[in-house]
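>>> Here is my input, please return the structure:
(2 chains)
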Amino acid sequence: AQTVTQSQPEMSVQEAETVTLSCTYDTSESDYYLFWYKQPPSRQMILVIRQEAYKQQNATENRFSVNFQKAAKSFSLKISDSQLGDAAMYFCAYIGGANSKLTFGKGITLSVRP
Amino acid sequence: EPEVTQTPSHQVTQMGQEVILRCVPISNHLYFYWYRQILGQKVEFLVSFYNNEISEKSEIFDDQFSVERPDGSNFTLKIRSTKLEDSAMYFCASSGQWNTEAFFGQGTRLTVV
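Have a look, this model is predicted:
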């Protein structure tokens, strides 16, 4: 069974600084996708970034980038130039193989200090 | 930009009552999902739906739950006899392709009293 682990429950970053959120996963599949979702206080789930496992190049979306280490099954999210609006819960998620569902980690609460 | 829409945003119901949560997925999407999130906990998969039938369901999705796509646009989740532990945020999601990202609605907060 696939599992997604986010071992840090909370992190804090100074505005304009860079922060990295960690995620590891376990799967026996070779073809899968990984995602980071943001959940602000409104509780809506917003897709931040996606990574296809077959791509070696790390995905980037503006200030958000990932460090995808397939052999280590690690998928961290880097937020550059942190902004107050980045404060939220961030969930790492996996989908792949014959499953039709997303498997989520427990999430990490990110606070941004002004 | 197309989005998934859920109604109502908040529903309060008495234990034992039936509730129907409604969703309008993104119009050209083919795969539909319900997830739930108990306050402060992780997001849990309930059910996936494709081609007018359930593709996969979790152990949470027991006989009290059902899903339906009554017309070409709506996708509903029915809970037949609500329990206190059904109180949670329920998210509808849709995707355009198999095993890719899902786009989520804003959620329905269900409170069972």
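
>>> Tell me the secondary structure of residue A:16, please.
On the three-state scheme (DSSP: H, G, I helix; E, B strand; the rest coil), residue A:16 is labelled coil.

>>> Next, find the distance separating it from residue A:80.
For residue A:16, the distance to residue A:80 (C-beta to C-beta, to the nearest Å) stands at 9 Å. (Glycine included, C-beta is placed from N, CA and C.)

>>> So if I had to pick from the two, which one is more boxed in?
For residue A:16 versus residue A:80, neighbours defined as other C-beta atoms under 10 Å in any protein chain shown are more numerous around residue A:80 (14 against 11).

>>> so that one touches residue A:61, yeah?
No - counting by C-beta atoms under 8 Å, residue A:80 sits too far from residue A:61 to count as a contact (11.0 Å).

>>> Report the buried residues of stretch B:62-75.
Residues of stretch B:62-75 classed as buried: B:65, B:67, B:69, B:75 (neighbour count, 16 or more other C-beta atoms under 10 Å in any protein chain shown).

>>> does that stretch come close to chain A?
No - applying C-beta under 8 Å from any C-beta of the partner chain, one finds stretch B:62-75 out of contact with chain A, separated by at least 13.3 Å.

>>> For that stretch, list the C-alpha coordinates in CSV.
Below are the C-alpha coordinates for stretch B:62-75, written out as CSV (Å, rounded to 0.1, in the frame of the first residue of the first chain):
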residue,chain,number,x,y,z
ASP,B,62,-20.1,1.9,4.1
ASP,B,63,-23.8,1.2,3.3
GLN,B,64,-24.8,4.6,4.8
PHE,B,65,-23.1,6.4,2.0
SER,B,66,-24.1,6.5,-1.7
VAL,B,67,-23.1,8.7,-4.7
GLU,B,68,-25.1,9.6,-7.7
ARG,B,69,-24.7,11.6,-10.9
PRO,B,70,-28.3,12.4,-11.5
ASP,B,71,-27.7,14.5,-14.6
GLY,B,72,-24.8,15.7,-16.8
SER,B,73,-23.5,18.2,-14.3
ASN,B,74,-24.2,17.3,-10.6
PHE,B,75,-22.5,14.8,-8.5
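
>>> Need the contact partners of that stretch.
If you take C-beta atoms under 8 Å, 6 or more residues apart in numbering or on different chains as the criterion, stretch B:62-75 is touched by B:22-25, B:27, B:32, B:34, B:46-47, B:49, B:52, B:54, B:76-81, B:83, B:92, B:94.

>>> Flag every buried residue along stretch A:20-28.
A:21-25, A:27.

>>> Please tell me how far that stretch is from the chain's geometric centre.
Centroid displacement of stretch A:20-28 relative to its chain, using C-alpha atoms, centre = their mean, to the nearest Å, is 8 Å.
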